[in-house]
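*Asks:* Dropping a prediction and its sequence here:
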Amino acid sequence: MQHLFDQTVPVFIKALKNLDSQISKAEAHVAAEMHAPFPQTARLAPDMFPFAKQVQIATDNARLGVARLTGKEMPSFADNEASFAELHERITKTIELLSPLAAADFDGAADRKIELKYYPGQHMTGANYTQEYLVPNFFFHVAIAYAILRNAGVPIGKADFLGSLPLVAND
């Protein structure tokens with residue numbers, strides 16, 4: 001079984017860097033194509049969270065999910081980002097908090113009892129939490145943020161979402 005560190009920290013950092021790059025492309029698109037600033041309140045459906053909130057939740061999932069698994073404290077963020085620059089800063093701060101973590105920080109995490117306030121009186125193991133909730137929920141919000149940008153006409157595609165791949169030449 002892959003170590004929980006490998007399933008989280010490097011995966012989250014890569015996806016957040018890709019999201020940060022998508023936001024940069026959105027900034028360039030807004031500057032070149034739109035006559036008004038991109039609305040951070042853009043959303044895919046009326047009952048879905050807007051773009052800025054998708055980014056906030058993705059960074060919260062990465063930071064606070066890893067905190068639950070490792071038992072380490074992570075700072076809370078105000079959730080008041082209203083510009084691309086502020087979203088870039090939030091992503092950068094999240095990556096800076098995740099970067100120093102190592103596999104040893106996750107020792108015992110697979111068996112750790114994880115309780116979430118919205119599931120009172122119930123818990124998951126760290127392994128189940130990571131595989132069934134944390135990683136899928138993180139990518140849900142990253143994908144929705146991508147889809148909002150794409151829907152707004154930002155010229156991004158699957159390669160922007162996936163980022164670089166660890167390809168090697170055939171023998």
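*Replies:* On my side now, so go ahead.
*Asks:* Kindly provide the distance from the most centrally placed residue in the chain to V168.
*Replies:* Per CA atoms, centre = their mean, the C-alpha nearest to the average position across the chain is that of A58, at 3.3 Å. For A58, the distance to V168 equals 30 Å [CB to CB, to the nearest Å]. Every C-beta, even on glycine, is put in place using the N, C-alpha and C of the backbone.
*Asks:* Identify the residues contacting V154.
*Replies:* Q22, K25, A26, H29 (CB atoms under 8 Å, 6 or more residues apart in numbering).
*Asks:* Please enumerate the helices of this protein.
*Replies:* Secondary structure of the chain by DSSP state H: the helices cover 4-33, 51-70, 84-98, 126-129, 135-151, 158-162.
*Asks:* Check those helices for me and report the most buried one.
*Replies:* Ranked by mean neighbour count, the helices of the chain are led by helix 51-70 with a mean of 23 (mean count of other CB atoms under 10 Å).
*Asks:* chain center to that one: distance?
*Replies:* 6 Å (CA atoms, centre = their mean, to the nearest Å).
*Asks:* by how many degrees do it and helix 135-151 diverge?
*Replies:* Between helix 51-70 and helix 135-151, the angle formed by their directions is 160 degrees, by axes from the mean of the first three to the mean of the last three CA atoms, to 10 degrees.
*Asks:* got any ranges where this protein has weak pLDDT?
*Replies:* Applying pLDDT under 70 to the chain flags residues 1-2, 34-37.
*Asks:* mind redoing it with 80?
*Replies:* When residues are selected by pLDDT under 80, those of the chain lie in 1-2, 34-39.
*Asks:* for P75, phi and psi?
*Replies:* With angles defined as degrees, to the nearest 10, P75 sits at phi -70, psi 150.
*Asks:* how about the closest residue to it other than its chain neighbours, what does it touch?
*Replies:* Once its chain neighbours are removed from consideration, P75 has its nearest residue in L97; the separation is 7.5 Å (CB to CB, 6 or more residues apart in numbering). For L97, the contacting residues are R63, M74, P75, taking CB under 8 Å, 6+ apart as the criterion.
*Asks:* contacting residues around the closest residue in space to D20 that isn't next to it in sequence?
*Replies:* In space, D20 comes closest to I91 once its chain neighbours are excluded; the distance is 4.7 Å by CB to CB, 6+ apart. Counting by CB under 8 Å, 6+ apart, I91 makes contact with L16, K17, L19, D20, I23, V55, T59.
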